[in-house]
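>>> Below are the sequence and a predicted model; questions follow.
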Amino acid sequence: MNMIARTDYTDRIAAAFEYVPIVVLIGARQVGKTSLMRLFDKSGYRCSLELNGQNAETAELFERFSTIEQYSARADERRARRPAAHR
């Protein structure tokens with residue numbers, strides 16, 4: 001099966017690799033994130049490490065380090081400390 005060319009995304013990923021050594025793609029399931037990143041691996045662009053969130057051990061690892069969850073928890077803590085009149 002042929003993959004749809006996503007030059008906008010591949011250009012953005014390539015540009016990101018020029019500035020940082022790690023690029024993470026996040027998004028909905030089954031939209032082509034893994035396939036897109038594998039294009040870079042096949043082209044010899046960079047060495048890569050693939051972490052799949054569908055793997056239970058990997059998902060558990062990322063659950064502990066979710067910045068969104070950490071932000072939400074801190075925001076909840078701040079709200080709880082405010083006087084009732086300010087909530």
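Cool, got the structure. Residues are numbered from 1 along each chain as shown.
>>> Can you tell me the element the residue positioned nearest the centre of the chain falls in?
In the chain, the residue lying closest to the centroid (Cα atoms, centre = their mean) is I26, at 3.5 Å. Under the criterion DSSP states H and E, no helix or strand holds I26.
>>> helix/strand/coil for T58?
Under DSSP: H, G, I helix; E, B strand; the rest coil, the three-state class of T58 is helix.
>>> What about it, how many residues nearby?
A count of neighbours around T58, defined by other Cβ atoms under 10 Å, yields 13. Glycine gets a C-beta too; all of them are placed from N, C-alpha and C.
>>> how deep is the residue nearest to it when sequence neighbours are not counted tucked in, by neighbour count?
With sequence-adjacent residues excluded and distances taken as Cβ to Cβ, 6 or more residues apart in numbering, T58 is closest to L51, at 5.1 Å. L51: 11 surrounding residues under other Cβ under 10 Å.
>>> sorry, back to before: contact partners for the residue nearest to the centre of the chain?
Contacts for I26 (Cβ atoms under 8 Å, 6 or more residues apart in numbering) come out as K33.
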